[in-house]
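Visitor: Mind folding the following:
(one chain, ligands or ions: 1)
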Amino acid sequence: MAFINEHYLKLQAGYLFPEIGRRVSDFKSAHPERKVIDMGIGDVTQPLVPSVIKAFHEGVDEMARIETFKGYGPEQGYGFLRESIAQNAYLSRGVEIHAGEIFISDGSKCDTGNIQEIFGHENKIAICDPVYPVYSDTTVMAGKTGSRKKNGYYEGIIYMPCTEENRFIPELPEEVPGLIFLCFPNNPTGAVATKEELKKWVDYAIAHKSIILYDAAYEAFIQEESIPHSIFEIEGAKRVAIEFRSFSKTAGFTGTRCAFTVIPEELVAYDSKGKTHPVKKFWNRRQATKFNGVSYPVQKAAAAVYTEKGQKEVRELIAYYLENARLMDESLQTAGFKVFGGKNAPYIWMKTPNNIPSWDFFDKLLNEAQVVGTPGSGFGPSGEGYFRFSAFANRENVLEAMERIKHLS
Ligand code: MLT
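Guide: Predicted coordinates:
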């Protein structure tokens, strides 16, 4: 008899975005004549920039010639991309991260989920509420929680509510976690953390020998000079943090797939006898066993992001989405909604009108305006009564969606 992993039974029926997709597809089948505007999942809409496409083509052409053909690449990623990331994303900003600490992957979603494998089951995990659902769902799948309680929380997870009162920046938890998931600029609230705020977390992690799992997938959207792009800008962070970064939102790679995870040499975790072990070694072992790397043309395309031309082009891409966010913020505020985020992040987080439950607002918006967003409660109980719009849409769709929302009854 084959037994199932029963931890999956604790999960809510479906992952958030497929559930939204299901409702939208039902609506479309019932009303094929209506044009639905999707501002739900944070998926990019603009094509890859010319420098990236050129490098991508070159990579493909190299695979077509015997002299340049490549089979398996290094599991950690090609040296040229790791070097380029170290130089351009870190060293040029005064952050001492080196190529050997960078692991190329096919996405931060996979990495933030997979990383849990190398840490012991006895770790308590702290998670913001609301939060990108992958952190909690993968914690459940890994069997590190009890059942789902009536309030939507899983037993065994330390939840850190992020509310209007704390400006969506979590308080340090009283119960000490082994692992702490943080995400800034934040998905879903669009909040950013200052150096002082991150310093508190780093000091806390040092004091308690915890590890911060820092998701910086949206760092390219930061506009304010004083906001850190990396947790490693904070003194001491290399002793207590892992950082996840992605080309998905930075350079439109959601369909192309390329990301990276940074594990500093000095980061250690403990065994049951209190002996320290370098975390990097364990992740390397995991990746070398279970992963064969990202395809060569994709890594070549990702490296082009860091050329002078590539940088200029991706900055224009980010500016396009941020202008969407600005227009959305302006229109929604004019229409009387209370709106957050959208300044250093591609997400607008807003209060539902008259506090109506998030999924009810989702249905209302879909049925009455044919606009799709993401219900705040899908990101956790503290997201109830909120709604998220993604700014990764075409400009004309953004304008049309805002016009339709203005006329919502
Ligand atoms: C989101 O909409 O929250 C993101 O697109 C999900 C993701 O990046 O996997």
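Visitor: ok now do the residue lying closest to residue 197 once chain neighbours are set aside, which residues does it touch?
Guide: In space, and not counting its chain neighbours, residue 197 is closest to residue 169: 5.6 Å by CB to CB, 6 or more residues apart in numbering. Where you see a C-beta, it was placed from the backbone N, CA and C, and this is true even at glycine. Taking CB atoms under 8 Å, 6 or more residues apart in numbering, we find residue 169 in contact with 162, 191, 193, 197.
Visitor: before we move on, what about residue 156?
Guide: 124-125, 144-146.
Visitor: Any chance of JSON lines for the contacts of residue 169, columns neighbour count, pLDDT and distance to residue 317?
Guide: As requested, those are arranged in JSON lines below (neighbours: other CB atoms under 10 Å; pLDDT from 0 to 100; distance: CB to CB, whole Å):
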{"residue": "162", "neighbour count": "25", "pLDDT": "97", "distance to residue 317": "28"}
{"residue": "191", "neighbour count": "25", "pLDDT": "98", "distance to residue 317": "22"}
{"residue": "193", "neighbour count": "24", "pLDDT": "98", "distance to residue 317": "24"}
{"residue": "197", "neighbour count": "18", "pLDDT": "97", "distance to residue 317": "28"}
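Visitor: before we move on, back to that, which of the contacts of residue 156 lies closest to the ligand?
Guide: Taking CB to the nearest ligand atom as the measure, the ligand lies nearest residue 125 of those, at 18.8 Å.
Visitor: picking up where we left off before, buried only: go through the contacts of residue 156 for me.
Guide: The neighbour count (16 or more other CB atoms under 10 Å) marks 124-125, 144-145 as buried among those.
Visitor: In three-state terms, label the residue in the stretch 101-250 of the chain that the ligand sits nearest to for me.
Guide: Of the stretch 101-250 of the chain, the residue with the smallest distance to the ligand, taken as CB to the nearest ligand atom, is residue 109 at 4.5 Å. Put simply, residue 109 is helix when judged by DSSP: H, G, I helix; E, B strand; the rest coil.
Visitor: doesn't residue 134 make contact with it?
Guide: Yes: counting by CB atoms under 8 Å, residue 109 does reach residue 134; the two are 5.4 Å apart.
Visitor: before we move on, back to that, tell me how many other residues surround the residue of the stretch 101-250 of the chain closest to the ligand.
Guide: 19 (other CB atoms under 10 Å).
Visitor: same question, residue 25
Guide: Residue 25 has 11 neighbours, counted by other CB under 10 Å.
Visitor: what does residue 80 give?
Guide: Residue 80 is surrounded by 13 other residues when neighbours are defined as other CB under 10 Å.
Visitor: For the helix or strand hosting it, buried residues please.
Guide: Element membership for residue 80 (DSSP states H and E) is helix 79-85. Buried positions in helix 79-85, judged by neighbour count with 16+ other CB under 10 Å: 81-85.
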